[in-house]
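Student: Turn this into a model:
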Amino acid sequence: MERHTYTINFWVSPSNARKNGTAPINATITLNGNRASFSSNKKVNPSDWDATRQRVKGTNETAKLINESLLQIKNKIYKKEVELLERGYILTADLLRDAYQDKIDAIQTKTLNQIYQEFLDSLNKVVGKGTSEATYYSYSRTF
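Tutor: Alright, predicted model coming up:
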């Protein structure tokens, strides 16, 4: 099993601050030197951001909630890494980001009925081109 080294960093760009003074918190996954960035969908005042700790300063309720969500983002990425490795994927930064954002169909759970329906749909497309209508009918009856 190949060893992967990656980091998840959060950063705030004060130049992207909105009119209300808040700036979006962005995340970057760096895996074997390749980077993939995405928005955490959280906003913070740049003066409240601790760049070295990559957390919101303070102990108020808002700071605690944002810091907790950043921790949840990291944890979800770690879980997606395990899922991808179990399914035999070769990890990349873009793949981890897409898995975090649930853009990868292969790791979304499908029911047996959904899989069988996809099979029937693909079989229906080749009826008359190597597959008989009777074969399709036979498979569709078992569904």
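Student: Can you check the pLDDT for Arg18?
Tutor: If you check Arg18, the pLDDT there is 88.
Student: actually Met1, sorry about that
Tutor: For Met1, the predicted pLDDT is 50.
Student: Who are the contact partners of the residue most central in space within the chain?
Tutor: In the chain, the centroid-proximal residue (Cα atoms, centre = their mean) is Tyr100; its distance is 1.6 Å. Contacts for Tyr100 (Cβ atoms under 8 Å, 6 or more residues apart in numbering) come out as Phe38, Ile73, Lys76, Ile77, Lys80. Bear in mind the C-beta positions are built from the backbone N, C-alpha and C, glycine included.
Student: packing partners for the longest helix along the chain?
Tutor: Longest helix in the chain, counting residues (DSSP state H): helix 61-86. Secondary structure elements in contact with helix 61-86, counted by 3 or more Cβ pairs under 8 Å, 6 or more residues apart in numbering; DSSP states H and E, are strand 6-12, strand 23-31, strand 34-44, strand 55-56, helix 93-100.
Student: For the protein, give me the ranges with low pLDDT.
Tutor: Where the chain drops to pLDDT under 70, the residues are 1-3, 105-110, 143.
Student: Mind doing that once more with 80?
Tutor: 1-4, 104-112, 130, 139, 142-143 (pLDDT under 80).
Student: Where do the domain boundaries of it fall?
Tutor: When the chain is parsed with automatic domain parsing, its domains come out as 6-107, 112-142.
Student: Among these, show me which one is buried the most.
Tutor: Sort those by mean neighbour count, taking mean count of other Cβ atoms under 10 Å, and domain 6-107 sits at the top with a mean of 15.
Student: Now do the longest helix of the chain against strand 34-44, angle only.
Tutor: In terms of direction (axes from the mean of the first three to the mean of the last three Cα atoms, to 10 degrees), helix 61-86 departs from strand 34-44 by 160 degrees.
Student: Serialize the contacts of Tyr100 to TSV and add fields for distance to Lys129.
Tutor: Output for the contacts of Tyr100, formatted as TSV (distance: Cβ to Cβ, whole Å):
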residue	distance to Lys129
Phe38	42
Ile73	47
Lys76	43
Ile77	43
Lys80	38
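Student: Just give me the closest of those to Arg53.
Tutor: Ile73 (15.4 Å; Cβ to Cβ).
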